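**Q** The following block contains a protein sequence and its predicted model.
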There are 2 protein chains.
Amino acid sequence: MKEFVGEATSGENGVRLMFIHVNWGSSTQAQMYKTALSSAHSLARTGEHVKNYWPQMLVLTGRAQARPALVDLAHLITKAGSLMIVADISQNKLTHKERATRARTNDEWLQERKVRAFCAGIDGLSFELGARALVQCTGVGRLAPNVLLMGYKSDWATAPANDLTSYFNVLHTAFENRLAVAILRVPGGLECGALAVEDTPTAGHTATSAGSGELRVRQNIMHADSDLDIRGDSQPSSRHNLSNLLSLTTSRSFTISETKKEKTRKPMDIHRQIVYRASNGVELSKDQLTQMSIFQRKQVLLRVPDGKESGTLDVWWLYDDGGLTILLPYILSQRSTWSNVKLRVFALANRRHEMELEERNMANLLSKFRIDYSSLTMVQDITEPPQPETKKLFDDLTKKFTDQSIGEEYRISETEMLTLAEKTNRQLRLRELMLANSKEARLIIMSLPMPRKGSVSAPLYMAWLEMLSRDLPPVLFVRGNHTSVLTFYS
Amino acid sequence: MKEFVGEATSGENGVRLMFIHVNWGSSTQAQMYKTALSSAHSLARTGEHVKNYWPQMLVLTGRAQARPALVDLAHLITKAGSLMIVADISQNKLTHKERATRARTNDEWLQERKVRAFCAGIDGLSFELGARALVQCTGVGRLAPNVLLMGYKSDWATAPANDLTSYFNVLHTAFENRLAVAILRVPGGLECGALAVEDTPTAGHTATSAGSGELRVRQNIMHADSDLDIRGDSQPSSRHNLSNLLSLTTSRSFTISETKKEKTRKPMDIHRQIVYRASNGVELSKDQLTQMSIFQRKQVLLRVPDGKESGTLDVWWLYDDGGLTILLPYILSQRSTWSNVKLRVFALANRRHEMELEERNMANLLSKFRIDYSSLTMVQDITEPPQPETKKLFDDLTKKFTDQSIGEEYRISETEMLTLAEKTNRQLRLRELMLANSKEARLIIMSLPMPRKGSVSAPLYMAWLEMLSRDLPPVLFVRGNHTSVLTFYS
């Protein structure tokens, strides 16, 4: 294989070349390429088998540094050796230079955070079509995503109708393409899913369809020998390194035992100033920064005064989705940072008088899967009517969308409300049960209700998710899409 | 890693599972996955280097079997061990079943033809956006395409304005994303780029943006023991296997020396009936079938009565594009099926009185690249005015588009004609030179004129390509997009 770098000196009318390299490529690198390609081909030929299932994640982060918690979570799940693709959708067309800069920034940020992932960027497509393209095209052969991870759209109630519909349609697209879906919500003034970053004023508009907030990362990379600080407007707190900030932080529900590695920092780090701002321009509080790094820190058990344990990993396994809802917490519990956290499983009891039998069955099932859980709770009373205050919260949430004056495609019709009343009550009741049981959990992983096409509208569906995650610890909604759950999705 | 296949028996209200597999995955397969992933990561970390350039091809075939010549050509180029992705864009949204069927059909066809390639499918996007998505998203890390190969849009003059613009824009998209572009035109009543296949009447509409013809492949796969032929309307000739048909074929410019391998056929092949039809429903002639398999057969030299050699591989290397235009014919000449074909290089002489010097320079250059060519011709007189009949052909081609009544975005304005008159003359003159020199070539590989954005309109550009390829042997237009040619594209 031969190649050269040429430079024409007389325009298009002729070929004149200046020789820069004329030689054979490095054989090691060539071999690396051959290995990568042929192993991808061998893998493609093995065919899929449930025994060799790996959660391969497509993470819709926008710019990677804009949603650190999403990246960290996906990394925790895939770091043992499965595929992770960090996807960045820009609705505006970018020039090649802008595109290259964005890709490089994402890549460097991931490397710095020690996250092993590929970056995929797409521009000039709407959020919805971009996500569709990523779901269908990324990867080669079987090195392709089977789980879509995205942030919770915290501004769903106030976002433009189009944004809400796009977000909702992306869920459908993923399910229709047989991907599992995971949605992460992290509490705090600034939602994890509500971040967008701008570090170059000239860069195109980021697809902020999944959020309303904004996060600025300013980097003044100066010469290593220079001691000048060219910024005059920086707050004292923002001068510190992010990791230092974090180690000073405490909050009620999180304890930080991060072991500070005081390695000799690279010279450029000295001048890196990271300023995180919310959409209103106010710098983020330490509490919010803590939330953003939840999946980076070591999780420890915390005993609060009343003797109850906090800091558990609670799994609300409500539907059979092929098992992803129980596989993900299992994987998390295998990571050193989460190994101290107790895994508690909550499942629904169908019939009160068969409670014991059902519990035995479930315990049996979990032990067959070798899931090492610390407690199993069969939750009953799911069919009981929710409390008036829960009902009121839901009514407040949906009030705007039941109004007759609102656009058809954006309205929750009376018929829909009535038809789905039972399901709605179920989510409301679940909220009460979660508040009663999992308020102090470190993380809740729960089955995502299915957005049945043509049955539930975008605003009603988002209201359900809101009910299931508001005023709660970080929640990860999960829904697998195995062949065995085909009958659930129509 | 654990996984299971579950089946719910009591709806959404609880989890009841039937165990099918609960065990560890096969360790060989697991290892295969790890190898594929980690080698893709190692490769991504090596960074790009011109010394390790591989032409990694993204082939816009639609259904793979619809454009066999495109697939065969890409395979010839990549078979030594580089990436090939066969892409299928469907403008309609497909159901998961349709999507899976299409992917499987493509895959099986490729395997049968012994082509090592990955399939990528995208649906629910226009041809233009679908191609954009594929260009930007397919692959992982550096296992990603750097050359876009597509068929020549033979119906450009009669296609709807939108189709023409889309096709033209895809070229721009590829260049803007720093991919090289290759366009293949194969002569004959049925253009290679003008094929679409329908083998299931229920399948969605194929993106036929690149062609007007249609090719039917009907497959009646019956039980191996059955002798019934359920088709009554088949023509006698269509009952034969395609490869048998080909071995009976002769035509003026192609000789077939295919060595028939009479292996024991798989039982299902007995009942496979392939009927190739043009868009008007007429079955394809043997000549047309021959054209379709040009890159499959062994190419031999043919001496025609007047003593001239035919069956050469002619390279018209007109612009410096980083070298792809000379690399591709070099790769072809290394393949056993093309090793007998003589490689002839044509380049442009700029100044008549420096002819000899320029020829020496070029010969020098080629020998430095170790390109083993059989002849080098410096072509002069490129700036001379073209003959009246050539001019007339061009005027006939563009007549429709210079009309004042035609839509603005679809018209060749007078200003454009005047501004680009010199370039147009150049293409016309090139046509004359090609007709004089390469009429009997087996394949012509030539530099693709650059579709300068905002300067040349879609119809004028296509008229240029038409002039450069009509009544000629198969033509492969090639344009690299190396960093060193950045100054050529603005």
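**A** Looks like it arrived, so ask away. As the structure is a computational prediction, the values presented were derived from the model and not from experiment. Numbering: from 1, shown residues only, chains lettered A, B, ... in the order given.
**Q** What is the neighbour count of the residue of the stretch 101-250 of chain A found nearest chain B?
**A** Here the residue of the stretch 101-250 of chain A nearest chain B is A:Ala133; by Cβ to the nearest Cβ that distance is 3.3 Å. Where C-beta positions appear, they are placed from N, C-alpha and C, glycine not excepted. A:Ala133 has 27 neighbours, counted by other Cβ atoms under 10 Å in any protein chain shown.
**Q** what does A:Ala40 give?
**A** By the other Cβ under 10 Å criterion, the neighbourhood of A:Ala40 contains 25 residues.
**Q** what residues does the stretch 51-200 of chain A put near chain B?
**A** A:51-54, A:80-83, A:85, A:95-96, A:99, A:116, A:118, A:120-125, A:129-130, A:132-134, A:136-143, A:176-178 (Cβ under 8 Å from any Cβ of the partner chain).
**Q** Mind checking which of the residues you listed land in helices?
**A** Among those, DSSP state H puts A:His96, A:Arg99, A:Leu129, A:Gly130, A:Arg132, A:Ala133, A:Leu134, A:Gln136, A:Cys137, A:Glu176 in helices.
**Q** wouldn't the fifth one be in contact with A:Leu171 here?
**A** It stands for A:Arg132. No. With contacts counted by Cβ atoms under 8 Å, A:Arg132 stays clear of A:Leu171, the gap being 11.6 Å.
**Q** Looking only at neighbour counts, state which of those two leads.
**A** Neighbours were counted for A:Arg132 and for A:Leu171 using other Cβ under 10 Å; A:Arg132 has more, 26 against 22.
**Q** residues contacting the more buried one?
**A** When contacts are counted by Cβ atoms under 8 Å, 6 or more residues apart in numbering or on different chains, A:Arg132 touches A:Val170, A:Thr173, B:Ile122, B:Gly124, B:Leu125.
**Q** Give me the pLDDT value at the first one.
**A** Turning to A:Val170, the model gives it a pLDDT of 96.
**Q** Tell me, how many residues neighbour it?
**A** One way to gauge burial is a neighbour count; for A:Val170, by other Cβ under 10 Å, it gives 25.
**Q** ok, is the top helix by length along chain A in contact with chain B or not?
**A** The single longest helix within chain A, with elements called by DSSP H, is helix A:27-46. Yes. With Cβ under 8 Å from any Cβ as the threshold, helix A:27-46 lies in contact with chain B, specifically through A:29-30, A:32-44, A:46.
**Q** just stretch A:347-364 next, same as before
**A** Yes. With Cβ under 8 Å from any Cβ as the threshold, stretch A:347-364 lies in contact with chain B, specifically through A:Ala347, A:Leu348, A:Ala349, A:Asn350, A:Glu358, A:Asn361, A:Met362.
**Q** Surely the first one is in a strand?
**A** Yes. In this structure, A:Ala347 lies within a strand as judged by DSSP: H, G, I helix; E, B strand; the rest coil.
**Q** bridging residues for it?
**A** A:Trp317, A:Met378 (DSSP bridges).
**Q** any idea how far it lies from A:Asp314?
**A** As judged by Cβ to Cβ, to the nearest Å, A:Ala347 and A:Asp314 stand 12 Å apart.
**Q** ditto for A:Met57
**A** 22 Å.
**Q** wait, doesn't A:Val170 sit right on A:Lys153?
**A** No. Look at A:Val170 against A:Lys153 with Cβ under 8 Å: they stay out of range, at 9.9 Å.
**Q** for A:Thr165, what are its contacts?
**A** Applying Cβ under 8 Å, 6+ apart, one finds that A:Thr165 lies in contact with A:Glu409, A:Tyr410, A:Ala458.
**Q** cutoff 10 Å now
**A** Contacts of A:Thr165 were listed using Cβ atoms under 10 Å, 6 or more residues apart in numbering or on different chains, and they are A:Glu128, A:Ala159, A:Glu409, A:Tyr410, A:Ser457, A:Ala458, A:Pro459.
**Q** for the one helix or strand it maps to, which positions count as buried?
**A** Here A:Thr165 is covered by helix A:161-176, with elements defined by DSSP states H and E. Neighbour-count burial for helix A:161-176 flags A:163-176 (criterion: 16 or more other Cβ atoms under 10 Å in any protein chain shown).
**Q** what mean pLDDT would you report for the strand or helix carrying A:Val59?
**A** When elements are defined using DSSP H and E, A:Val59 is found to belong to strand A:57-60. Average pLDDT, strand A:57-60: 95.
**Q** CA atoms only for it - export them in PDB, please.
**A** Output of strand A:57-60 as PDB, limited to C-alpha atoms (Å, rounded to 0.1, in the frame of the first residue of the first chain):
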ATOM      1  CA  MET A  57     -24.400   2.000  25.100                       C
ATOM      2  CA  LEU A  58     -25.200   4.900  22.900                       C
ATOM      3  CA  VAL A  59     -25.200   8.000  25.100                       C
ATOM      4  CA  LEU A  60     -26.900  11.100  23.900                       C
END
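**Q** mind saving the C-alpha coords of the helix or strand following it as CSV?
**A** Using DSSP H and E, the next helix or strand after strand A:57-60 towards the C-terminus is helix A:68-78. Extracted as CSV, the C-alpha positions of helix A:68-78 are listed here (Å, rounded to 0.1, in the frame of the first residue of the first chain):
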residue,chain,number,x,y,z
PRO,A,68,-20.8,14.4,33.0
ALA,A,69,-23.1,12.2,35.1
LEU,A,70,-24.5,10.5,32.0
VAL,A,71,-21.0,9.8,30.7
ASP,A,72,-19.8,8.5,34.1
LEU,A,73,-22.8,6.2,34.4
ALA,A,74,-22.4,4.7,31.0
HIS,A,75,-18.7,4.3,31.7
LEU,A,76,-19.4,2.5,35.0
ILE,A,77,-21.6,0.1,33.1
THR,A,78,-19.4,-0.5,30.1
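**Q** check contacts around the residue of the stretch 101-250 of chain A closest to chain B.
**A** Shown here is A:Ala133, whose contacts under the criterion Cβ under 10 Å, 6+ apart are A:87, A:89, A:120, A:122, A:125, A:173, B:122, B:124-125, B:129-130, B:132-134, B:136-138.
**Q** picking up where we left off before, now that we have the residues of stretch A:347-364 next to chain B, can you turn them into JSON lines and tack on neighbour count and pLDDT?
**A** Formatted as JSON lines, the entries for these read as follows, by neighbours: other Cβ atoms under 10 Å in any protein chain shown; pLDDT from 0 to 100:
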{"residue": "A:Ala347", "neighbour count": "23", "pLDDT": "89"}
{"residue": "A:Leu348", "neighbour count": "24", "pLDDT": "85"}
{"residue": "A:Ala349", "neighbour count": "21", "pLDDT": "80"}
{"residue": "A:Asn350", "neighbour count": "18", "pLDDT": "73"}
{"residue": "A:Glu358", "neighbour count": "20", "pLDDT": "80"}
{"residue": "A:Asn361", "neighbour count": "17", "pLDDT": "81"}
{"residue": "A:Met362", "neighbour count": "22", "pLDDT": "80"}
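**Q** now for those, which pair is the farthest apart?
**A** Taking Cβ to Cβ as the measure, the residues of stretch A:347-364 next to chain B reach their widest spread between A:Leu348 and A:Asn361, a distance of 12.4 Å.
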